[in-house]
Every structure is written in structure tokens, then in C-alpha cells.
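Engineer: Sequence first, then the predicted structure:
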Amino acid sequence: MSRERSVVAQLRDALLALIKERGLGLGDKLPSEERLTEEFGVSRPTLREALQMLEQDGVLRTEHGRGRFIMAGAALQIDRPITTFESVTDMVEGFGYTTTTRLLGAAEIDADKEVAAGLHCEVGTRVLRIERLRSESGRPILYTLDYIKVETVGNAAATLDWSTSIVQILRRRGVGPVASTAAVSATLLPAEAVRTWKIADFGPVLLVTETCFTADGLPVLFAKDYHHGKYFTFSFARR
């Protein structure tokens, strides 16, 4: 497993594998937190974050004083649930891609109406705009635009390596996002990006626009991720 991929995301997948391997079904009880922390060698807070993700996916339910039990969502579990929050780095690796990231630009700009709404700030607020292109075996598969308020990173903005995971960078600064509100739409790459960076034959994309929040509810990242329609398929369960 990649070092870059968050421990919580890895643990979520490991817990799903455990449920499947042991044949646990609707109504069955999950092993206790004590047993799981020993089995996976993780801290209890980390385990609880992963368990919370599975509760949000409808895989588990908690009964206070009794433990956690398998829900119908375990039978409906899907490979890449679009309702699960994860960094772009984790998501790409989850699809099995080994990508290279090209940093196209990182510059301070004034927030326009869309970005200001996404970051819950005033129009004109100084934000850092980070433009990147991820490729797999030389083929562009993901174009991203990320916006962070300059005050969030301060003077460190010029020295940070924005070609790496932005979520990990924010976590190291103590403002790591843990959840987001998102909208999904089918579209094409922005014409300016295609023209400027000569991104040919990208085709239809799935655009995920999201605002990412810390555990305290602070909006720290506004992102627009353009996923190549040929390489990414997201699923969801209906209950």
C-alpha cells in the first residue's frame, strides 16, 4: 500500500475485506474495537475514523452498549462509492492507476463569485489557484483546479510541493479535510485548458466540484476535478 494513501482510507478497505472474508452478513456483529486495533495495528482514533466512513456508506450501524453491526449496505458495497470522501491521490490509486502529476501552475488570485461561494469567503479574497494534470502511462486522465485561501497556508505557499497530495499537505498543517459537499456533472474540459496545455482527445469528463471541510466545519479547499470518462467510473447504492 502506498505511503501517500491515508491510513484511514486503507483501513476502511481492509475492514471491508475482513467483512467479506469472514462472510459477515446483515445483522452480524463486527469484532470489538479492541480486537480490531490489535488485528490491524492501528490506534483507536484511526479505527474510529474508518468505522465512521463505513457507517456513512451504510455498511455498519452502531448500537451504544452493544457494538457495531452489519447493515444491508455491506451486500450493496461497491468498488468506488462516490459518497465516500477521499483525496484525489487516494482515489486514483484506488482505481489501480500509477500516475505522474504535472503542476501546470500555482498562483495567487482574487476569488471570483464561484470560488468565494466554494470557500465561504468574500469575493476578492486572496486565494491560491493550483492547476494540475495527472497522466497514466503518458495519457492525461485527470485535470484538476484547487483553490485554498492564502491565509490557510501563509508564507509557506511558495515552498510547498503542490504536485503532491493537497489533502496530505493540509493535514500536515493541522487543517486536513475529512468531509465534503459535492456536485457531479457531465461536461468537457475547459476550452482554455485544452488550448493552453494542448490536451488533445480527452473527450467527455465527469466533473466533481466540491468544498472540503475540516472536522470543525472549516472550509479549507474548493476543488474542480475533471475525470476522463474512459478511465473513471463511480458507483452508488440506492436504498
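Structural biologist: Thanks, I have it.

Engineer: Now do the helices for the chain: every range, in order, please.
Structural biologist: Here the chain has its helices, by DSSP state H, at 7-21, 33-40, 44-56, 88-94, 113-119, 150-153, 166-172, 191-197.

Engineer: Model confidence score at the most centrally placed residue in the chain, please.
Structural biologist: Nearest residue to the geometric centre of the chain (C-alpha atoms, centre = their mean): Glu86, 2.3 Å. On pLDDT, Glu86 comes in at 81.

Engineer: mind listing what it touches?
Structural biologist: 6, 9, 94 (C-beta atoms under 8 Å, 6 or more residues apart in numbering). Where C-beta positions appear, they are placed from N, C-alpha and C, glycine not excepted.

Engineer: any chance of the residues you listed in CSV, with pLDDT too?
Structural biologist: Below are the contacts of Glu86 laid out as CSV (pLDDT from 0 to 100):
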residue, pLDDT
Ser6, 72
Ala9, 84
Gly94, 78
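
Engineer: For ChimeraX, what selects the buried ones among these?
Structural biologist: To isolate the buried members of the contacts of Glu86 in ChimeraX, using 16 or more other C-beta atoms under 10 Å:
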select :6,9,94
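
Engineer: Run through the neighbouring helices and strands of the worst-scoring helix or strand of the chain on mean pLDDT.
Structural biologist: Ranked by mean pLDDT, DSSP states H and E, the weakest helix or strand in the chain is helix 88-94, scoring a mean of 85. With contacts defined as 3 or more C-beta pairs under 8 Å, 6 or more residues apart in numbering; DSSP states H and E, the packing partners of helix 88-94 are helix 7-21, strand 139-149, helix 166-172.

Engineer: phi, psi of Leu189?
Structural biologist: Torsion angles at Leu189 (phi, psi; degrees, to the nearest 10) stand at phi -60, psi 150.

Engineer: Just the pLDDT for the residue lying farthest from the centre of the chain.
Structural biologist: Here the chain reaches farthest from its C-alpha mean at Gly65, the gap being 31.8 Å by C-alpha atoms, centre = their mean. For Gly65, the model assigns a pLDDT of 87.

Engineer: any idea how this structure splits into domains?
Structural biologist: With domains defined by automatic domain parsing, the chain comprises 7-74, 88-228.

Engineer: just how off-centre is the longest one within its chain?
Structural biologist: Taking the mean C-alpha point of domain 88-228 and that of its whole chain, the gap between them comes to 11 Å (C-alpha atoms, centre = their mean, to the nearest Å).

Engineer: Now do it: distance from first to last residue.
Structural biologist: 13 Å (C-alpha to C-alpha, to the nearest Å).

Engineer: ditto for stretch 153-167
Structural biologist: Its start and end residues considered, stretch 153-167 measures 12 Å (C-alpha to C-alpha).

Engineer: possible to save the helices of the chain as TSV with distance to Asp225?
Structural biologist: Listed next are these as TSV, based on distance: least, C-beta to C-beta, whole Å:
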stretch	distance to Asp225
helix 7-21	16
helix 33-40	30
helix 44-56	19
helix 88-94	6
helix 113-119	13
helix 150-153	19
helix 166-172	11
helix 191-197	13
